[in-house]
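In: For reference, the sequence and a predicted model appear below.
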Amino acid sequence: MKMDLEVSEPIDFSSGDHVYLVRKAAGDEGIPPKSGQPYKSSPSTGQRQTQGNPHPKSGERSGTYVVQISDESTPDESSTDVTNPFSSATVRRAFIRKVFLLLSFQLITTGAIVSIFIFWNDLRSWVLKNAWFTYALFPAFFVVLFLLACCGDLRRRVPANYILLGVFTLLQGLLLGTVSVFYNAEEVFWATGATALVTLALTLFALQTKWDFTLLNGVLFVLLFVLLLYGILLIFVRAYWLHLLYAGLGTVIFSLYLVMDVQLMVGGRHHHSDLDPEEYVFAALNIYLDIINLFLFVLQLIGLAR
């Protein structure tokens, strides 16, 4: 919308004269200007008719100002993404609550299964004598992991997502149990306590730090690929220091992954926080895998140190 406002004298906008321009545009010409302000109103309609000059000449419009009023929003208003599913704090809190409840269920279930393998001596001896049991778990484990990671519609569908997550947690607990039989109970307890403390410290750090670890997604993927190649190399090379370095590198990488996944879950000011509110199973799975891998590498470090 544009309005042509005619004034006969220069107007100082810093002194508030623009108020009278707006009033004049609205037809409120009877309101006098503030005292001391050089302002003249144009002749009234009746005077113009008696003088026979209803329209001013083109040469007399040197003091005309054009004020354009736009309906566009301000930059702050336009920066608000109303389509963001996490724009409501209630939705974000409900999402975080679901993730932590699922994660707690997974960790408790895994801890119970590992405890059975540690304290049941007959089962411990049977696993040590039957290596095929461990290898038989891997195909089922990776199939369920593939379904949860790659089938987005399936992991959002209730109750299929809860069933798959429960089966995955059961298989992961069995795999951890078969690994724990190669360590004594004291080493497993030390590794569990150290992992719990590290997880709590890193979670608090991720929640309050101003550093955005979500930007490290590509870097961490490259480091994870290097760690995988390093692990394949250690199958053929038996060296104590190489294994110790491998365990230390894995601990650092999955510590960073844990911080990044926590920041992805809480969202907010972080660069990458594009999780859907229905992806609570996927978020819980990511953090759960970070903690489990962190536990395995800490357990290796303790075992090598002893």
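Out: Arrived safely, thanks for sending.

In: For this structure, which segments count as strands?
Out: 2-6, 64-68 (DSSP state E).

In: tell me the mean pLDDT for the first one?
Out: Confidence over strand 2-6 (mean pLDDT, whole number) is 50.

In: can you check the last one too?
Out: Average pLDDT, strand 64-68: 52.

In: Where is the longest helix in the protein?
Out: helix 89-119 (DSSP state H).

In: residues of that one that come out buried?
Out: 92, 95-96, 98-100, 102-103, 105-107, 110, 113-115, 117-118 (16 or more other C-beta atoms under 10 Å). For glycine as for every other residue, the C-beta is placed from the backbone atoms N, C-alpha and C.

In: Stretch 133-145 now?
Out: 137, 141, 144-145.

In: which outside residues touch it?
Out: Contact partners of stretch 133-145, identified using C-beta atoms under 8 Å, 6 or more residues apart in numbering, comprise 126-127, 164, 167-168, 171-172, 174-175, 178.

In: try it again with 6 Å
Out: 164, 167-168, 171, 174-175, 178 (C-beta atoms under 6 Å, 6 or more residues apart in numbering).

In: follow-up on the earlier one: please produce CSV containing the buried residues of stretch 133-145, extended by distance to Leu216 and pLDDT.
Out: Listed next are those as CSV, based on distance: C-beta to C-beta, whole Å; pLDDT from 0 to 100:
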residue, distance to Leu216, pLDDT
Leu137, 32, 91
Phe141, 27, 91
Val144, 28, 92
Leu145, 23, 90
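
In: Looking at those, which are in helices?
Out: Using DSSP H, those in helices are 137, 141, 144-145.

In: Going along the chain, name the helices of the chain.
Out: Using DSSP H, helices in the chain cover 18-25, 45-51, 75-78, 89-119, 121-129, 132-150, 152-156, 160-180, 185-208, 217-236, 240-266, 280-305.

In: and the ones you listed, which one is worst for confidence?
Out: Note on the helices of the chain: helix 75-78 shows the lowest mean pLDDT, a mean of 43.

In: I'd like to know how far the nearest residue to Ala185 once chain neighbours are set aside sits from Val181.
Out: Leaving aside its sequence neighbours, Ala185 sits nearest to Ile118 (C-beta to C-beta, 6 or more residues apart in numbering; 5.0 Å). Using C-beta to C-beta, to the nearest Å, Ile118 is found at 8 Å from Val181.

In: What is the longest helix of the chain packed up against?
Out: Identification of packing neighbours for helix 89-119 by 3 or more C-beta pairs under 6 Å, 6 or more residues apart in numbering; DSSP states H and E yields helix 160-180, helix 280-305.

In: give me that answer again for 8 Å
Out: helix 121-129, helix 160-180, helix 185-208, helix 240-266, helix 280-305 (3 or more C-beta pairs under 8 Å, 6 or more residues apart in numbering; DSSP states H and E).

In: Next, the angle from that helix to helix 240-266.
Out: Interaxial angle of helix 89-119 relative to helix 240-266 (axes from the mean of the first three to the mean of the last three C-alpha atoms, to 10 degrees): 150 degrees.
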